[in-house]
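Chemist: model this:
(one chain, ligands or ions: 2)
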Amino acid sequence: MSVTWNRTDTAQVLRRPTGDDDKYSRGVLGVRTGSQRYPGAAVLGVEAAWRTGVGMVRYLGPDRPTALVLARRPETVVAAGRVQAWLIGSGTDAADRDDDEAATLGEVLAGPVPVVVDAGALDLAPAATAPLIVTPHAGEHARLRSALGLAAPTGGDAAPGLAARIDAAAETARALRGVVVLKGAQTVVAAPDAEAIVVDAGTPWLAAAGTGDVLAGAIGAVVAGTAAHGEALARAAAAGVWLHGRAATLAAGALGPAGGPITASDVAAALPRAVAEALAR
Ligand SMILES: NC(=O)C1=CN([C@@H]2O[C@H](COP(=O)(O)OP(=O)(O)OC[C@H]3O[C@@H](n4cnc5c(N)ncnc54)[C@H](O)[C@@H]3O)[C@@H](O)[C@H]2O)[C@@H](O)CC1
Ligand SMILES: Nc1ncnc2c1ncn2[C@@H]1O[C@H](COP(=O)(O)OP(=O)(O)O)[C@@H](O)[C@H]1O
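Modeler: Residues are numbered from 1 along each chain as shown. Ligands and ions are numbered 1, 2, ... in the order given. Have a look, this model is predicted:
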């Protein structure tokens, strides 16, 4: 069983700022992503979070990505402080994690604030107690299931169909006690105790390196802006996925009726138009 997600659903999740808002009330996203090897992933996630519409992004990472994040987005705050949500893992490799970083991520994952867990932090998700959204692609989902003691998603080499992906994501969500965003042309958002949500990407031009880092930033921004207002994490995640797909469709569609090649940065740049479109009417 599943439901499909659309623009109207997204509009119901997003908060339009009012005259009573300030940068803190709009949501602060804390970001621990990027590494010496993958600094670009940090830039893409931070860029996407700003472009999705958050009051503040706090970036706390290694020197090289910090310098690149600040060069791209000087509005980013690189000092620790209160946050309404965390984004961790994009552009990191668990094999390179030192003890200090492991301890810090352990605190984040044991805290009260929702955490979006991507890429190189997914191995930490099974032990987490914080409210959780994990964002695996198919390969990462298989590894996560194995860590949770669950069977491989398919019996053979064939790519699983949508129904099998929904069942597998729902089973992973129950085992994890968190929200699973299983990425693909149709992204499945599964929660332990709710019907799965299916979000169409809208364009296969989205299949390009770094678009997952953009997605994680977009989801983090929606969660930071809405979780404190009682929005369900799965719905916030689905809204982020829809905005990401719509931004890709707008960026690719701007090149002609058949679409055209886009980069992850193009997707991030189109996020404000996707948000404005969702909030229009
Ligand atoms: N500009 C940057 O700095 C970028 C950094 N990235 C980072 O690079 C690191 C490695 O990520 P990768 O996903 O490339 O590598 P991983 O090693 O995490 O996953 C790739 C493995 O999963 C398998 N797989 C199965 N289904 C897949 C699917 N649907 N998509 C991708 N792989 C699938 C592949 O065959 C491969 O064995 C992550 O930390 C990621 O965030 C990437 O996001 C690309 C852009
Ligand atoms: N064929 C496809 N059509 C549309 N979207 C896709 C397709 N394949 C992948 N995507 C989307 O592209 C993004 C890729 O994310 P990910 O695999 O994490 O890449 P990266 O790690 O390079 O950022 C996800 O949002 C996924 O849903």
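Chemist: any idea how far ligand 2 is from T4?
Modeler: For T4, the distance to ligand 2 (CB to the nearest ligand atom, to the nearest Å) stands at 15 Å. The C-beta positions use only the backbone N, C-alpha and C, and glycine is treated the same way.
Chemist: With adjacent residues omitted, what lies nearest to that residue?
Modeler: In this structure, T4 finds its nearest non-sequential neighbour in V198, 5.2 Å apart by CB to CB, 6 or more residues apart in numbering.
Chemist: Quick one: residues contacting the residue lying closest to A194 once chain neighbours are set aside.
Modeler: Ranked by CB to CB, 6+ apart and with sequence neighbours excluded, the top spatial neighbour of A194 is A234, at 5.8 Å. The neighbourhood of A234, defined by CB atoms under 8 Å, 6 or more residues apart in numbering, consists of 179, 189-191, 194, 197.
Chemist: if you set the cut-off to 10 Å instead, what comes out?
Modeler: Contacts for A234 (CB atoms under 10 Å, 6 or more residues apart in numbering) come out as 133, 173, 178-181, 189-197.
Chemist: which one of those residues sits closest to D22?
Modeler: Closest to D22 out of those is I133 (25.6 Å), distances taken as CB to CB.
Chemist: residues near the closest one, how many?
Modeler: Counted with other CB atoms under 10 Å, the neighbours of I133 add up to 29.
Chemist: close enough to count as contact, it and A218?
Modeler: No: I133 is not in contact with A218 according to CB atoms under 10 Å; the separation is 11.7 Å.
Chemist: what do these two both touch?
Modeler: Both I133 and A218 are in contact with 87, 116, 237, 240, where contact means CB under 10 Å, 6+ apart.
Chemist: mind listing what the first one touches?
Modeler: For L87, the contact set (CB under 10 Å, 6+ apart) comprises 29-33, 42, 45-46, 48-49, 57, 59, 108, 114-118, 121, 133, 135, 213, 216-221, 223-224.
Chemist: Of these, which are in range of ligand 1?
Modeler: Residues of the contacts of L87 in contact with ligand 1 (CB under 6 Å from any ligand atom): D213.
Chemist: residue contacts, P114?
Modeler: With CB under 10 Å, 6+ apart, P114 has these contacts: 83-87, 130-133, 178-179, 220, 223-224, 226-228, 233, 236-237.
Chemist: Narrow the residues you listed to just the buried residues.
Modeler: In the contacts of P114, burial by neighbour count holds for 83-87, 130-133, 178-179, 220, 223-224, 226-227, 233, 236-237, counting by 16 or more other CB atoms under 10 Å.
Chemist: before we move on, which element is the spatially closest residue to T52 that is not a sequence neighbour in?
Modeler: Distances taken as CB to CB, 6+ apart place A221 nearest to T52, at 3.7 Å, with adjacent residues excluded. For A221, the host element (DSSP states H and E) is helix 211-226.
Chemist: That helix near ligand 2 at all?
Modeler: Yes: residues of helix 211-226 contacting ligand 2 under CB under 6 Å from any ligand atom: 211-213, 215.
Chemist: now that helix: mean pLDDT?
Modeler: Averaging pLDDT along helix 211-226 yields 98.
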